[in-house]
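A.B. asks: Structure for the following, please:
(2 chains)
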Amino acid sequence: MIKLTHISKSFGRHQVLKQIDLTVEKGEVVVILGPSGSGKTTLLRCVNYLEKPSDGEIAIGDYRLSCKHASKKDIHQLRQKSAMVFQQYNLFKHKTALENVMEGLVVVKKLPKEEAKTRSIALLEKVGLGSKLDAYPSQLSGGQQQRVGIARALALEPEVILFDEPTSALDPELVGEVLAVIRKIAKEGITMIVVTHEMGFARDVANHVVFMDGGVIVEEGPPAELFNHPKEERTKQFLKRITPELNYSI
Amino acid sequence: MGAPFDYTYIFSYFPKLLSTLGITLLIVAGSLLVGIIIGFLIALPRLYRIPVLNTLARVYVSFFRGTPILIQLFLFYYGLPEILKLVHIDISKAPVLVFVILTYGLHTGAFMSETIRASVTAVDRGQVEAAYAMGMKGHQAFTRIVLPQALAIAVPVFSNLVIALLKDTSLAFTLGVMEMTGKAETLGALTQHFVEAYISLALIYLVVSFTLEKLLLMAERRLLRHEQPDSTGNRRFRLQRKRGYRRLVAGIESGKGGAEA
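C.D. replies: Residues are numbered from 1 along each chain as shown, chains lettered A, B, ... in the order given. This next block holds a predicted model:
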């Protein structure tokens, strides 16, 4: 279970997150929606301390961290509880697909190389890249790179996987393959927090949808409720602008 | 000046000059070693913006980049013993070579630190974030992710530094070190065939530079092997490397031929 309490974050004078509270149950898929600049990516990056929250408390599993006095060691421990899938994939450019997945197992989890290798191969097969083990990121398409990124996150067996707009940088025809993989692992009961603009995905896969704007959570609830009967005016406006896309059936 | 031009001297000088190639290469290797260590020591405070050290590092780099190497050689060889005498340390008996390697090392270190700084900064920020997000510690992220990528970026500039250093070592003769240029001076003075000695010298420098350049190019290609877009690129690259290697062998052989004649 992940529990964020009163998370605040400011860049200089500009307050990006205002006392955010969010709870994610084990095995739940939480999708965060919102217009750009609403603070959703910042919130996600606070969960693994890629952004340092100015205040608040983060709890992942049984690990608890108060943001005001977090030491380097605390942060390092917190980061081991989660894994992240990035918008720009951020695969290690000088390592092959297999080495990318193995890296965390060998360096962070201290697994023996052979075991790390077997596990990594299995994971790459799972995301449909069993034939690309020795390819470098530059030799893979965006969709393939992102699937390696997902395998890399899965390898760490974290309490939660954080997805930061995982399909935003992809060519439209490659979005499907990545979403399919995320759907697949969502069904396996892996806890996820996903920041995305894919409304269809949010509707189908999420257990819980959070709508953010201006650094606060405006509204949250199950997708059926939030999409069909939004309560807040701000949510209605946002959905109205976004949903026409949903009506296209191809 | 001197005796009338006689090209046979060019060939007869090769083995004599090559006998001192070792000293030249020793200066290059020694200074590179010192330079790389200094380069890191200077680059780190600048990369991590450590207050006082950062400023000191900048002054250091400005000094060594902003003054001619010849002046630096004189300053260290004649000046340093004088200064150390004030604190009762006598280094006037230390071999000249030590001063030479120290000066070139410090000089190269200044340029090296800038190269390291630029290359590390050039590595995509997302790479470090990915390393941190997976739970790596700072030093693990640096040595396993940033450094290998920075090295690949640095190699072309590094090659330039090495070759510049090789040629700069020719100034060591001003302190009386018997490296290749010093030897050529002596040979010229002895036989009055200066021009032949310089031609011979230039040819050797050329071949050594060329060899170093090719070796470093191979290193660069190896470090950048992840930057090939696809398998056809891969094949083309391997062919190129093979061709490059053949050219390299040819380069070495022409040098050898010269030496034996």
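
A.B. asks: Can you check what pLDDT the model gives B:G255?
C.D. replies: Note on B:G255: pLDDT of 39.

A.B. asks: Please name the residues that touch the most centrally placed residue in chain B.
C.D. replies: In chain B, the residue lying closest to the centroid (CA atoms, centre = their mean) is B:V162, at 2.5 Å. The contact partners of B:V162, by CB atoms under 8 Å, 6 or more residues apart in numbering or on different chains, come to B:28, B:32, B:212, B:216. (Each C-beta comes from the backbone N, C-alpha and C, glycine too.)

A.B. asks: most surrounded residue in the residues you listed?
C.D. replies: Taking other CB atoms under 10 Å in any protein chain shown as the neighbour criterion, B:V28 ranks highest of those with 24 neighbours.

A.B. asks: quick one: that residue is in a strand?
C.D. replies: No - under the criterion used here (DSSP: H, G, I helix; E, B strand; the rest coil), B:V28 is helix, not part of a strand.

A.B. asks: From chain A, how far off is it?
C.D. replies: Going from B:V28 to chain A by CB to the nearest CB, to the nearest Å gives 28 Å.

A.B. asks: Contact partners for that residue?
C.D. replies: Applying CB under 8 Å, 6+ apart, the residues near B:V28 are B:162, B:165-166, B:169.

A.B. asks: Kindly list the longest helix within chain A.
C.D. replies: helix A:172-187 (DSSP state H).

A.B. asks: now the strands for chain A?
C.D. replies: Counting by DSSP state E, chain A has strands at residues A:2-11, A:14-24, A:29-33, A:55-60, A:63-66, A:82-85, A:160-164, A:192-195, A:208-213, A:216-221.

A.B. asks: Chain A: which of the contacts of B:V162 is nearest?
C.D. replies: B:L216 (18.3 Å; CB to the nearest CB).

A.B. asks: Which helix or strand contains that closest one?
C.D. replies: Using DSSP states H and E, B:L216 sits within helix B:194-223.

A.B. asks: Packing partners of that helix?
C.D. replies: Applying 3 or more CB pairs under 8 Å, 6 or more residues apart in numbering or on different chains; DSSP states H and E, we find helix B:194-223 packed against helix B:8-18, helix B:21-47, helix B:147-168, helix B:180-191, helix B:231-260.

A.B. asks: Show me which positions of the fourth one end up buried.
C.D. replies: So the one you mean is helix B:180-191. Within helix B:180-191, the residues scored as buried using 16 or more other CB atoms under 10 Å in any protein chain shown are B:180-185, B:187-188, B:191.

A.B. asks: got those residues as JSON lines, with distance to B:E114 and pLDDT columns?
C.D. replies: Shown next, in JSON lines, are those (distance: CB to CB, whole Å; pLDDT from 0 to 100):
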{"residue": "B:M180", "distance to B:E114": "28", "pLDDT": "89"}
{"residue": "B:T181", "distance to B:E114": "27", "pLDDT": "90"}
{"residue": "B:G182", "distance to B:E114": "30", "pLDDT": "90"}
{"residue": "B:K183", "distance to B:E114": "33", "pLDDT": "90"}
{"residue": "B:A184", "distance to B:E114": "32", "pLDDT": "90"}
{"residue": "B:E185", "distance to B:E114": "33", "pLDDT": "89"}
{"residue": "B:L187", "distance to B:E114": "38", "pLDDT": "90"}
{"residue": "B:G188", "distance to B:E114": "37", "pLDDT": "89"}
{"residue": "B:T191", "distance to B:E114": "43", "pLDDT": "88"}
